[in-house]
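*Asks:* Model the following, please.
(chains A, B, C and D)
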Number of protein chains: 2
Amino acid sequence: MPRPSLKDQRSEEILDAYLTCVARFGLEGATQERIAAEAGVKRPLLRHYLGNRDQMVAALNAHVVETFNELTDTLAVALAGALNADDMVELLFTEDAVNDPRLLLAWQGLSVSSGENPEMRADLLDSLEQFLKVLSDTLHRIVPAAAPAKTRAVAQGISSCFVTLDSLSPLSPPAEWRRELKQAALLLARTLEVPA
Amino acid sequence: MPRPSLKDQRSEEILDAYLTCVARFGLEGATQERIAAEAGVKRPLLRHYLGNRDQMVAALNAHVVETFNELTDTLAVALAGALNADDMVELLFTEDAVNDPRLLLAWQGLSVSSGENPEMRADLLDSLEQFLKVLSDTLHRIVPAAAPAKTRAVAQGISSCFVTLDSLSPLSPPAEWRRELKQAALLLARTLEVPA
DNA sequence: ACCATTATTGTCAAAAGTGACAATTAATGG
DNA sequence: CCATTAATTGTCACTTTTGACAATAATGGT
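*Replies:* Numbering: from 1, shown residues only, chains lettered A, B, ... in the order given. A predicted model of the protein is given here:
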């Protein structure tokens, strides 16, 4: 009887536009007008679907965290086929889906303003911890002999290179940097395979 | 004859307060009222000393870049005494002056919103390139035999760990992460000393 | 004491952003 | 065709932020 609800679809579209704006202007710079323009809708629709500003931020946070977690899961599956450090790094730095810098930029934008919101902070931290765990577990599977602490440190370093790549994207750094960061991750991963 | 000018001192104070606010609220979230409150002055003073909003952003960018460059120079001096990879990483991750996350956070905040401002973008990129060069040169001095490309990659990786440390600070991550990132940098640096 | 210059504050108008509600349009089932 | 529900838009009031100017206070030299 009722008109069919577009809530899910429209919410996704708006959140995606929101994500774009946060990546480009920062969390506080992502005004409702910019979001609406980006999404190609009128401003009042934002409120209709996502609520007021606080609720919008919460929704974006949930969306970012969820997307990041899904990405982590996808990555975990892909990494299951990695036989050595080279495979692993190759997968990490070529996965196209991962190559959307907006997600990481929004993640960082949210994290800076998460001081007043413990829940957001915890979710963001958890999502990163989960990502680290996947890297760490993969490394452990590939090189079981390595000390856990060392494996964990390597995972942190690789994650760091990976994150840095996206966080630098607004500066459009020279193309070599991408290769260099990738190679750094590679060198780091190999340190596990060649125990001193 | 005239009243003595406090322009330099006050400008520094205000810029420091500005830096604090940008680190905490992001660039767009650093309103003049927050800055004024943080600096302990009335809002019109900001305009008196630094001009309008655009000029304030430009001034902050110049300040951040300058401070970062000075820090890089200081680091270069300190690193001149490093004899091996361990020394280098130890210096990097203990220098107290470097340990002010506000600078890096503001740097990142500025970088995301630098798309519209090519000059800012160039200055920010240069400051990071200079930092990388110091790391790279130090590594080359310590291990001259290493291939330049490899040295450069290692410098990128170490820089990445270093930057990540500060950029995560708003989430107040577990204390282990600091040690892990430090050890990742250490492992990476050592890869130069043990050529395959 | 007076002058020149600067610091500092007060105040107002304009602009941007947000919240909320009413009104209109559109689609589906009966 | 009608009723119901949701999508979509229009619009107004309120708050926040910014820009700009005037006015006052303070300081150092003459």
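
*Asks:* can the longest helix along chain A be found next to DNA strand C?
*Replies:* What stands out as the longest helix in chain A, according to DSSP state H, is helix A:53-79. Yes: for helix A:53-79 and DNA strand C, the contact criterion (C-beta under 7 Å from any atom of the strand) is met by A:53-54. Quick note: C-beta positions are derived from backbone N, CA and C, even for glycine.

*Asks:* roughly how far out does that helix sit from the chain middle?
*Replies:* 7 Å (C-alpha atoms, centre = their mean, to the nearest Å).

*Asks:* likewise stretch A:103-122?
*Replies:* Worked out by C-alpha atoms, centre = their mean, stretch A:103-122 lies 12 Å from the chain centre.

*Asks:* Show the average pLDDT along that stretch.
*Replies:* Averaging pLDDT along stretch A:103-122 yields 94.

*Asks:* ok, residues contacting it?
*Replies:* Contacts of stretch A:103-122 from elsewhere in the structure, counted by C-beta atoms under 8 Å, 6 or more residues apart in numbering or on different chains, are A:19, A:22-23, A:26-28, A:57-58, A:60-61, A:64, A:67-68, A:71, A:124, A:127, A:163, A:166-167, A:169-170, B:23-26, B:29, B:105, B:108-109, B:112, B:167-168, B:170-172.

*Asks:* what comes up buried for it?
*Replies:* Using 16 or more other C-beta atoms under 10 Å in any protein chain shown as the burial criterion, the residues of stretch A:103-122 that qualify are A:103-114, A:117, A:120-121.

*Asks:* got the end-to-end distance for that stretch?
*Replies:* 17 Å (C-alpha to C-alpha, to the nearest Å).

*Asks:* does any part of it sit near DNA strand D?
*Replies:* No: using C-beta under 7 Å from any atom of the strand, stretch A:103-122 never reaches DNA strand D; the gap is at least 12.6 Å.

*Asks:* Now do the SS call for the residue positioned nearest the centre of chain A.
*Replies:* Most central in chain A under C-alpha atoms, centre = their mean is A:L104, positioned 4.1 Å from the mean C-alpha point. When classified by DSSP: H, G, I helix; E, B strand; the rest coil, A:L104 comes out as helix.

*Asks:* now, among the buried residues of stretch A:103-122, which is nearest to DNA strand D?
*Replies:* Nearest to DNA strand D among the buried residues of stretch A:103-122: A:S113, at 12.6 Å, using C-beta to the nearest atom of the strand.
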